[in-house]
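Peer 1: Sequence first, predicted coordinates after that:
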Amino acid sequence: MAKFPSQYELAFQQSLEKLNAAQKQAVENIEGPVLVIAGPGTGKTQILATRIGKILQDTDTPAHGILCLTYTDTGRVEMRNRLFNIIGPAAYRVNIHTFHSFCNEVIQDNISYFGRQSMEAISELEELELFNELLKNLPIESRLKNFKSDINYEVKKVINLYARYKKENWSVEFMNQKIDSYLQDLPTRDEFIYKVNSKNFKKGDLKVGAIKEETEKMEKLREAVNLYPKYEALMREKRRYTFDDMILWVLKAFEENNNILLNYQEKYLYFLVDEFQDTSGSQKQLLQYLIQYWEAPNVFVVGDDDQSIFSFQDANVKNITDFASEYANGLHKVVLTENYRSTQNILDAAKSLIEKNKERFVNIDTTLSKDLVAAKVSLKELDIPPQIIEYPNPANEAICIAHKIEELISSGRTQPSEIAVIFRNHRQVEDLVNYFEKKNIRLNMKRNINILELSFVNKILTLLEYIALEANKEYSGDEKLFEILHFAFFNIPPIDIARLSRQVAQKNFNWRNEKTSLRRAISEEESAVPDLFNTAETSELKRISNVLEELIKASNNVTLQVLFEVVIREAGILNYILNQPDKPWLMEVITCLFKFIKSETHKNPDITLQRLLDMIKTMKSNNIRLNLEKVSASADGVNLVTAHSSKGTEYEYVFLIGCNKNTWDDKKSSGHYDFSMPDNLTSDNYVVDELEEARRLFYVAMTRAKTHLAISYSSNDNSTKVLERSEFVGELIEGTGILEKKEHADENTVSDYLQLQYTNKPIPEIGLIDKSYIDKILENYSLSVTNLNNYLECPIKFYYNNVIRIPAAMSESMAFGSAVHYTLQTLFEKMKTNGNVFPSKEIMLEDFDRFMDRNTELFTKDQLNRRKDYGRKILPPYYDFYVGKWNKIVNVEVNIRNVEVNGVPINGKLDKLEFTGKSVNVVDYKTGRYDNARKKLKPPSGDDKIGGDYWRQAVFYKILLDNEKYNNWNAVSSEFDFVEPVKKDEYKTEKITITNEDIQIVLGQITDTWKKIQNHEFSKGCGKDDCHWCNFVKENHKHVIFHETTEEEEA
DNA sequence: TAAGAGTCACTTTTT
DNA sequence: GTGACTCTTA
């Protein structure tokens, strides 16, 4: 009665014989529901395959009567291969599917019913854009509305919400009802009732504030949920779907059309599901539909509740317990405990950890035991305790581990592919990867390089941005041009660019001159050929000018693909690449970028350069990657894997790194990507315990090791901050009695490593333009508070902004601030000419709109609409709040010049002066949130030696007015008026009381800064990571002098 | 115990 | 921009 070809008959028999007792049970009980709990390394795939063989051998079921569902595609392929090895070609007739490929088949089989053949799966970028569109046109009062930046943080939450919504197969009604009942239930809950008496409330009172806060969150969620039908319509309109839609469509079809369902119910006699703990609500429902046809279905599910680590994808451990209780009668339960992967030491350590979890199947069904026993003969006798190692910081950790790995490989004790470094988050290994590469340790890592983060790519993008700006409006891209001229593709000394740029600024400063620009200045450079009178630089400038002019012209006439090609060729980029040592890599990068442009132009042939650049901007700000696989990722390298993706793998040596609290058990990181949810969404108010899920993840990572496991953490970060080790490490020490060891690398290696990682970045230093030239620039210089702030922040920034005067584009928030200033200035001016009566709110809004409409070039179209809405939202309540209270004896937009203090000429422009007799209160309007400004309002203290910018501004104004000679004003106070509400209808004005000490400090800063400016001390930057100009200098200056940070400069 | 201010960080990944 | 945690104070 052989059912398989003879050579496979033997294979099948052998795999049957190899089974241990528990496995045998799982394989041989082919009738009725079976639940197998299969811990790590217990031969899960093997029993699934063998069981299929058993079914085929013992029954008349045809191969296609078996449905085997897996979660991932890799799982499917592995399953098929394993089965082929046991039963031969019949393996191809067994239906092995992922949930999604199964649904796809159902859809294809019933295409007349579904009728959706022309739809495409939505890409990450498309999805983001679709959601942006969905939320863009919400009414002003919407809780999901975003008025300010290009990234809407709510968008991600809504994306995640809908993903979960689909995975759970929720409905709008269901959610609304749950939200309602949750809100109704709140007042009955302990945490919303005061437990002690105080002067504002007594014991037993409701916490009104807390309930309001929670209600607000729920209403936000409700609004998002209620938008779902609109989202669906938009998806249909764009002819796009997500993978989870496929499952929902099939579920709906099964529900509505009994014939379709019946067809599949009759088709399959045996069901097998792998990784059951990873299935979502909808997937489980799908299975349910298929098997509900039978009273006692032949359904076999395998999973391990302790390895459930994908709850963020809505994988639900509860599916296992639910399954067990649904088929309580006649369910055959098997627990596999013989482990064929690891030594007993490793299994025991893993056990001592996972036992701390309460949500375990063995705690519900206490008749079961899950203690794993080492069963692989070759490992049984090994006694190698796992190690727990503390390093001084991640740098030491990386160095020591690299060293150990080097030794393992060179001693030939193991293959690189049998070594794994397992980590929690990708960014933990960014530095480590560089170091390994430098040490020529071959790596195998799944993650690719995001080329949008490479500075090389960003230079090309800047060039494209410049072309787009200039093509749209002449001379609007000057600040980009300044940077572009510094690129290494060209060969121009930075000092020449600075001189040229200064000339332009000076011409423009004189209002009688026709406005000019850097673009015009370089195009007017005289000669194309170097000769006696023209330097080589001049001719290089001329060449670049010609190229740029050509490109700007071309951008309107050629396709995007052609334009890109021309840019690469003509702008000298190709030439540059060919002269670089890593030219193969740079070529790959260029090709990758070109491929992206090609595919986008393919999707939309009319795409403009501006549109493409906007898309890339969206991708960048939302962390959507443009990936390029670096060739060095090699199959025989050391494996670098995240704990999540390590599931299902095994290695001789496992280094589990970065086991600190902040990466493993802190909950701080969660919650940024999800709305708060009511806790009544499941029948028994089940909510995944985050700490337990993290512990399961740690357990998964540990159980990857066959023989050697090293768990490590750092006592500090790479600077001085103390880090805590993960709770799990403590539990392991307590549970196993293993003692932690301390190790560190030698200091020279560490400082080399840190140098390599740019962690202790040197401060950049630049060459200045001629001394006499700067002197000339500074001849009529007078210090304003903005300039003072700039200098104190970073002398290089000051040099570029205020000496060279690089044309600087106004940011969105600055432009909005100007609009608000203008509106309020006009409001007070009209009041004064109007017999001391403030004009109406409507007139104020008209003024606001007028400014916005006259200055549209400061915004993108989206920004303009958002900011207009925002102004209309905040200005009227601000007006209502203050209109009865404002002091009407005022001067607005007061310019004060020709003031001198301690020999320093200073000046300032004051928003508003309020008079009470001779006493003056200086008012300065601030847009932006009060919370963000609070730090800036503080005088120097502790670490902050220079004090906040707003504080200095207040003191500066006082000094300015005190030393002003013409009016005999008595400056008594400075006040900041925050135009945005702190809370609804609550506004903040912050009065700064200025002490004599404050005045002395700022006077000191003024004279000191003045002296430094006169001495031309702006060549050393602040060196901060986020300083635009310091980074610019580091990136582009070929002759930058670096100097080491000294103590005083650190502050 | 409650509430406000200050501080810190912004995954993981499959179809 | 948001929220969650910690610290301080009453």
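Peer 2: Nice, thanks for sending it over. Remember, it's a predicted structure, so these values are computed and weren't measured experimentally.

Peer 1: Excluding sequence neighbours, find me the nearest residue to residue A:664.
Peer 2: residue A:726 (4.2 Å; Cβ to Cβ, 6 or more residues apart in numbering). Bear in mind the C-beta positions are built from the backbone N, C-alpha and C, glycine included.

Peer 1: What backbone torsions are found at that neighbour?
Peer 2: phi -60, psi 150 (degrees, to the nearest 10).

Peer 1: Residue A:185 touches residue A:218, doesn't it?
Peer 2: No - at 11.3 Å, residue A:185 and residue A:218 do not qualify as touching, with contact defined as Cβ atoms under 8 Å.

Peer 1: State the number of residues packed around residue A:1006.
Peer 2: By the criterion of other Cβ atoms under 10 Å, residue A:1006 has 21 neighbours.

Peer 1: For it, list the residues it contacts.
Peer 2: A:783, A:788, A:901, A:902, A:904, A:906, A:956, A:959 (Cβ atoms under 8 Å, 6 or more residues apart in numbering).

Peer 1: Next up, phi/psi of it, please.
Peer 2: Dihedral angles (degrees, to the nearest 10) for residue A:1006: phi -60, psi -50.

Peer 1: and chain A, which residues reach DNA strand B?
Peer 2: With Cβ under 7 Å from any atom of the strand as the criterion, chain A meets DNA strand B at residues A:72-74, A:98, A:100-101, A:194-196, A:198, A:200-201, A:207, A:209-210, A:243-244, A:310, A:312-313, A:424-427, A:446, A:623, A:642, A:644-645, A:662, A:668-670, A:672-673, A:934-935.

Peer 1: Among the residues you listed, which lie within helices?
Peer 2: When DSSP state H defines the helices, the subset of the residues of chain A next to DNA strand B inside them is A:73, A:74, A:100, A:101, A:209, A:210, A:243, A:244, A:662.

Peer 1: Give me the buried subset of those residues.
Peer 2: Among those, those scoring as buried are A:100, A:101, A:244 (criterion: 16 or more other Cβ atoms under 10 Å).

Peer 1: shouldn't residue A:379 be in contact with residue A:343?
Peer 2: Yes - look at residue A:379 against residue A:343 with Cβ under 8 Å: they come within range, at 5.0 Å.

Peer 1: okay, and the common contacts of the two?
Peer 2: In contact with both residue A:379 and residue A:343: A:706, A:707, using Cβ under 8 Å, 6+ apart.

Peer 1: quick one, which of these two is more surrounded?
Peer 2: It is residue A:343, of residue A:379 and residue A:343, that has more neighbours when counted by other Cβ under 10 Å, with 25 against 20.

Peer 1: Let me see the contact set for that one.
Peer 2: With Cβ under 8 Å, 6+ apart, residue A:343 has these contacts: A:374, A:379, A:380, A:382, A:383, A:384, A:706, A:707.

Peer 1: on that earlier part again, next, format the ones in helices among the residues of chain A next to DNA strand B as JSON lines and append distance to DNA strand C.
Peer 2: Formatted as JSON lines, those follow (distance: Cβ to the nearest atom of the strand, whole Å):
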{"residue": "A:73", "distance to DNA strand C": "34"}
{"residue": "A:74", "distance to DNA strand C": "34"}
{"residue": "A:100", "distance to DNA strand C": "31"}
{"residue": "A:101", "distance to DNA strand C": "36"}
{"residue": "A:209", "distance to DNA strand C": "14"}
{"residue": "A:210", "distance to DNA strand C": "12"}
{"residue": "A:243", "distance to DNA strand C": "28"}
{"residue": "A:244", "distance to DNA strand C": "25"}
{"residue": "A:662", "distance to DNA strand C": "11"}
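
Peer 1: And those residues, which is the shakiest by pLDDT?
Peer 2: When those are sorted by pLDDT, the bottom entry is residue A:209 at 81.

Peer 1: Now do the buried residues in stretch A:134-146.
Peer 2: Using 16+ other Cβ under 10 Å as the test for burial, stretch A:134-146 gives A:134, A:135, A:138, A:144, A:145, A:146.

Peer 1: ignore the last one, stretch A:468-476
Peer 2: For stretch A:468-476, burial by neighbour count (16+ other Cβ under 10 Å) applies to A:468, A:469, A:470, A:471, A:472, A:476.

Peer 1: Confirm for me that the second one is in contact with residue A:479.
Peer 2: I take that to be residue A:469. No - Residue A:469 is not in contact with residue A:479 according to Cβ under 8 Å; the separation is 9.5 Å.

Peer 1: quick revisit: can you tell me which of the buried residues of stretch A:134-146 are up against DNA strand C?
Peer 2: Applying Cβ under 7 Å from any atom of the strand to those, one finds that residue A:146 fall near DNA strand C.

Peer 1: Among the buried residues of stretch A:134-146, which lie within strands?
Peer 2: If you go by DSSP state E, the buried residues of stretch A:134-146 have nothing in strands.
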